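**Student:** Okay, predicted coordinates and the sequence, questions at the end:
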Amino acid sequence: MTLVQCVILSQVIRLNPSNAQTYVNWGVAQYRLGYHLGAIADLQKASEYYEQQGKKVAYEKTLDLLKNLRQQISFVTEIALF
């Protein structure tokens, strides 16, 4: 992700803080950049917004993504400890 893309996502969140899809995109970007805790926080926030908005499928997919990222982070952490 480029700096410009990060700035754009930050601006979108600032202008529309309940935009769940932007939090998903930002969470994935943070994960790819190695900011795992930030990624988890943003995906949790996205799932909360989806739930509040009654978007059940998006809510469930975001929870699945969150679960998968947590498993990957756990796996990477275990490898690093060896």
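**Tutor:** Happy to help now that I have it.

**Student:** Show me where this structure dips below the pLDDT cut-off.
**Tutor:** 1, 77-82 (pLDDT under 70).

**Student:** residue closest to the middle of it?
**Tutor:** By CA atoms, centre = their mean, the chain has its centre lying nearest to Gly27, at 2.4 Å.

**Student:** Ramachandran coordinates for that one?
**Tutor:** Per-residue torsions, Gly27: phi -60, psi -40 (degrees, to the nearest 10).

**Student:** residues touching it, list them.
**Tutor:** If you count contacts by CB atoms under 8 Å, 6 or more residues apart in numbering, Gly27 has them with Gly38, Ala39, Ile40, Ala41, Asp42, Leu43, Ala46, Leu65, Leu69. Every C-beta, even on glycine, is put in place using the N, C-alpha and C of the backbone.

**Student:** then stretch 9-27 to PDB, C-alphas only?
**Tutor:** C-alpha atoms of stretch 9-27 as PDB (Å, rounded to 0.1, in the frame of the first residue of the first chain):
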ATOM      1  CA  LEU A   9      -8.300   5.700   3.600                       C
ATOM      2  CA  SER A  10      -7.600   7.900   6.600                       C
ATOM      3  CA  GLN A  11      -9.500  10.800   5.000                       C
ATOM      4  CA  VAL A  12     -12.500   8.500   4.100                       C
ATOM      5  CA  ILE A  13     -12.600   7.300   7.700                       C
ATOM      6  CA  ARG A  14     -12.400  10.900   9.000                       C
ATOM      7  CA  LEU A  15     -15.200  12.000   6.700                       C
ATOM      8  CA  ASN A  16     -17.400   8.900   7.300                       C
ATOM      9  CA  PRO A  17     -16.400   7.200  10.500                       C
ATOM     10  CA  SER A  18     -19.100   4.500  10.300                       C
ATOM     11  CA  ASN A  19     -18.000   3.300   6.900                       C
ATOM     12  CA  ALA A  20     -17.400  -0.400   7.700                       C
ATOM     13  CA  GLN A  21     -15.900  -1.300   4.300                       C
ATOM     14  CA  THR A  22     -13.200   1.400   4.800                       C
ATOM     15  CA  TYR A  23     -12.300  -0.200   8.100                       C
ATOM     16  CA  VAL A  24     -12.100  -3.600   6.400                       C
ATOM     17  CA  ASN A  25      -9.800  -2.100   3.800                       C
ATOM     18  CA  TRP A  26      -7.700  -0.300   6.300                       C
ATOM     19  CA  GLY A  27      -7.500  -3.400   8.500                       C
END
